[in-house]
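K.L.:
heads up, no residue letters with this:
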C-alpha cells in the first residue's frame, strides 16, 4: 500500500492518551506490549502524537536533517535540542520526552556529559536523555545515571559518527561486526541504561540483542523482534521526499497535501477569491460614515 492509498483509506480514531510512562514502567515493558516512540520537534506534533497514544516522544538530533536543513546531525547544538524540547514539552505536558545529547555535548568527559544531560532536564523539560555509542560510552551512561538522570542508549548505526562507520549503512552484517554491536548493547545496559535504541542492523541481530539485554530495545531498521519501534515523524507522515530508508513506512502523504494546500491558497489570493466575505470583519455603519466625513472635511 503506497502513501496515497493509505492516506485515502479508513482512518482509525485516536487512541486514548496513556499516562506518562515512568522509567520502571518502561523497563517493565520488556517482552510485553511493544513501546511506540516517534520523534517530535514542535508542540503541534507532540500534541497530536500524544493524543494518538504514542508512548515516547524523542526530541532527536534528527531535527538537524528533518527540520533545520542540515546535511547531517553533526551541526545540531545542545541549545537547539533545549529549544525544541521546550516546545515538545509544551505540546505534550503529560508525555514522556526523551532528549538527544547532540554531537560533542557528551564525548569530552563524564562531567561534560552530566552537565549537558542536566540542561536537557532542567531547561528543556525532558524526562530522560539519549546518547549514541557502545562500550566506549558506557562510562558516560554510568556517570549520567549516577547523577539521577535516566539514559537511553543507542547502538548499531550511530548517525553522529557515521563517517567512521563507513556511512549510513547496515551494521553488524559479519561475525565481527555483529559481535561488536552485541557487546556495545550489553555494555550500555550494564552501565545503567533503561532502554536501548538499535538502529539499522539485520533483523536476526536485533532479535539476538533483544534476547541478550535485560532492558527494552527500541528498533529502527532492526526488525520486529525488538521491544518497541521508533520512526522519524516527517518520514512516517510522508513529508520526506526523495530517498528514504527501506525501513520507513509512510502512513500519510502530507507532502502532497501540503503542497496542494499552499498552491490552492496562492491561487485564491491571486484571483481574489480569498479572503471572502466570511473571512472579514464588518465596521459599524456610523463609524464608516464618520470616517468618510473626515475625508470630506479634510479635502482641500
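P.N.:
Looks like it arrived, so ask away. Keep in mind that what you see is a predicted model, and the values were worked out from it rather than measured.
K.L.:
Centroid-nearest residue for the chain?
P.N.:
residue 39 (1.3 Å; Cα atoms, centre = their mean).
K.L.:
Where does pLDDT dip in the chain?
P.N.:
For the chain, the stretches flagged by pLDDT under 70 are 1-18, 162-167, 295-300.
K.L.:
Spell out the residue ranges of the strands in it.
P.N.:
35-39, 56-59, 96-100, 128-130, 151-156, 195-199, 217-220, 228-231 (DSSP state E).
K.L.:
Remind me what the third one packs against, helices and strands.
P.N.:
In other words, strand 96-100. strand 56-59, helix 78-91, strand 128-130 (3 or more Cβ pairs under 8 Å, 6 or more residues apart in numbering; DSSP states H and E). In this view, the C-beta of every residue, glycine as well, is placed from N, C-alpha and C.
K.L.:
Show me the chain divided up by domain.
P.N.:
3-252, 257-297 (automatic domain parsing).
K.L.:
Serialize the strands of the chain to a markdown table and add fields for distance to residue 137.
P.N.:
Below are those laid out as a markdown table (distance: least, Cβ to Cβ, whole Å):
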| stretch | distance to residue 137 |
| --- | --- |
| strand 35-39 | 20 |
| strand 56-59 | 18 |
| strand 96-100 | 13 |
| strand 128-130 | 11 |
| strand 151-156 | 8 |
| strand 195-199 | 12 |
| strand 217-220 | 17 |
| strand 228-231 | 19 |
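K.L.:
ok, the residue nearest to the centre of the chain - contacts?
P.N.:
Residues in contact with residue 39 (Cβ atoms under 8 Å, 6 or more residues apart in numbering) are 57-60, 62-63, 66, 230-233.
K.L.:
Turn the residues you listed into a markdown table, columns for neighbour count and distance to residue 108.
P.N.:
Converted to a markdown table, the contacts of residue 39 look like this (neighbours: other Cβ atoms under 10 Å; distance: Cβ to Cβ, whole Å):
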| residue | neighbour count | distance to residue 108 |
| --- | --- | --- |
| 57 | 28 | 28 |
| 58 | 28 | 23 |
| 59 | 31 | 22 |
| 60 | 29 | 21 |
| 62 | 22 | 22 |
| 63 | 24 | 22 |
| 66 | 19 | 26 |
| 230 | 24 | 27 |
| 231 | 21 | 31 |
| 232 | 23 | 27 |
| 233 | 24 | 30 |
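K.L.:
Determine which stretch of the domains of the chain is the most buried.
P.N.:
domain 3-252 (a mean of 19; mean count of other Cβ atoms under 10 Å).
K.L.:
Run the chain-centre distance for it.
P.N.:
Put simply, domain 3-252 sits 7 Å off its chain's centre (Cα atoms, centre = their mean, to the nearest Å).
K.L.:
mind listing the helices for the stretch 1-150 of the chain?
P.N.:
3-8, 23-28, 43-51, 63-66, 78-91, 110-122, 138-146 (DSSP state H, counting those that start in this stretch).
K.L.:
Nearest approach to residue 273 belongs to which of these?
P.N.:
helix 3-8 (26.4 Å; Cβ to Cβ).
K.L.:
so residue 116 touches residue 101, yeah?
P.N.:
Yes. Residue 116 lies in contact with residue 101 (Cβ atoms under 8 Å); the separation is 5.7 Å.
K.L.:
rewinding a little: could I get the helices and strands packed on strand 96-100 as TSV with distance to residue 287?
P.N.:
Compiled in TSV, the helices and strands packed on strand 96-100 are given as follows (distance: least, Cβ to Cβ, whole Å):
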stretch	distance to residue 287
strand 56-59	49
helix 78-91	39
strand 128-130	57
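K.L.:
Could you check the ones you listed and tell me which one is nearest residue 267?
P.N.:
Residue 267 lies closest to helix 78-91 among the helices and strands packed on strand 96-100, at 31.5 Å (Cβ to Cβ).
K.L.:
got a list of contacts for that closest one?
P.N.:
For helix 78-91, contacts defined as Cβ under 8 Å, 6+ apart pick out 40-47, 50, 57, 59, 61, 63-64, 67-68, 95, 97, 99-102, 105, 116, 119-120, 123-126.
K.L.:
Let's see that with 7 Å instead.
P.N.:
Residues outside helix 78-91 that contact it (Cβ atoms under 7 Å, 6 or more residues apart in numbering): 40-44, 46-47, 57, 59, 61, 63, 97, 99-100, 102, 105, 116, 119-120, 123-126.
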